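[1] Take this sequence and fold it.
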Amino acid sequence: MLKRKPLFITFEGIEGSGKSYLSNKLFKEIKKRKIPVIHTREPGGTDGAEEIRKIILKDYFSSNTNINFNKYTDTLLYLAARNEHVINKIKPALSKKKVIICDRFVDSTIAYQVHGKGVNQKLIDSVHKYILGSLKPDFTFVLKVKISKAIERLNKRKKKNRYDKFPVSFYIKAQNAFIKIANKNKKRYSVFDNSNDAKEIETLILNKVLKFLNK
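    Predicted structure coming up:
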């Protein structure tokens with residue numbers, strides 16, 4: 001019989017990697033087993049953080065807008081949304097011994113803002129020290145994908161935000177960063193190639209989570 005224990009799971013990867021789809025599939029499988037679970041996302045996850053998300057996803061770096069946020073302003077908006085999310089959703093859920101499945105978390109900030117945009121990581125680490133403390137995911141699933149496949153998936157999206165329109169070079173840089181991060185801690189991270197939409201990945205992820213919950 002599965003025991004009630006808190007579990008914090010994150011899914012990471014570039015746009016078009018399938019992380020949102022796979023995180024939702026895991027959520028449905030866990031819920032089906034009557035285990036208390038929530039599915040959330042970053043930026044967002046709470047009313048306040050979702051309002052910040054709306055600002056973040058606007059194309060305010062476009063030459064067609066009068067708003068021109070600096071990359072550090074952009075990063076601080078992400079961190080502000082994370083603070084709201086952690087305080088009002090993640091920590092309360094953990095205290096109730098729920099399983100939390102989160103679409104993006106800290107690693108996306110490092111991959112996108114630090115490696116992708118050149119933001120100084122010391123700023124991010126300093127803010128995280130105060131808003132996260134010792135909080136970190138138990139498992140992180142990194143979905144890698146052939147860039148051509150990711151672009152193909154993005155082109156099928158009816159609604160696109162500015163992160164769906166980055167140059168290929170940015171996605172390559174970000175994906176390499178995710179893999180580099182994962183390789184530093186193979187106990188916590190699992191990397192799957194999701195280029196072919198293989199059903200076996202869903203099974204591998206579910207089995208790993210159920211194994212932990214059944215200890």
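[2] Over to the residue nearest to residue 94 when sequence neighbours are not counted: give its phi and psi.
    By the measure of CB to CB, 6 or more residues apart in numbering, the closest residue to residue 94 outside its immediate chain neighbours is residue 6, 4.4 Å from it. (Each C-beta comes from the backbone N, C-alpha and C, glycine too.) For residue 6, the backbone dihedrals are phi -70, psi 150 (criterion: degrees, to the nearest 10).
[3] Residue 6 and residue 92 touch, don't they?
    No: the criterion here is CB atoms under 8 Å, and residue 6 misses it with residue 92 at 10.9 Å.
[4] picking up where we left off before, what separation do you get for the residue nearest to residue 94 and residue 155?
    The gap separating residue 6 from residue 155 is 39 Å, by CB to CB, to the nearest Å.
[5] who's more crowded, these two?
    Under the criterion of other CB atoms under 10 Å, the comparison of residue 6 against residue 155 puts residue 6 first, with 14 against 10.
[6] What's the separation between that one and residue 110?
    Where residue 110 is concerned, residue 6 sits at a distance of 24 Å (CB to CB).
[7] now do residue 45
    Distance, residue 45 to residue 110, by CB to CB: 19 Å.
[8] Equivalent analysis for residue 136, please.
    When distances are taken as CB to CB, residue 136 and residue 110 turn out to be 13 Å apart.
[9] Which one's more surrounded, these two?
    Relative neighbour count places residue 110 above the other of residue 136 and residue 110, with 21 against 14, counting by other CB under 10 Å.
[10] Touching, that one and residue 177? I think so.
    Yes: with contact taken as CB under 8 Å, residue 110 and residue 177 are classed as touching, separated by 6.7 Å.
[11] thought residue 153 was touching residue 16?
    Yes: taking CB under 8 Å as the definition, residue 153 is a contact partner of residue 16 at 4.0 Å.
[12] between these two, who's got more neighbours?
    Under the criterion of other CB under 10 Å, the comparison of residue 153 against residue 16 puts residue 16 first, with 24 against 16.
[13] Please name the nearest non-neighbouring residue to that one.
    Closest residue to residue 16 in three dimensions, ignoring its sequence neighbours and counting by CB to CB, 6+ apart: residue 150, at 3.2 Å.
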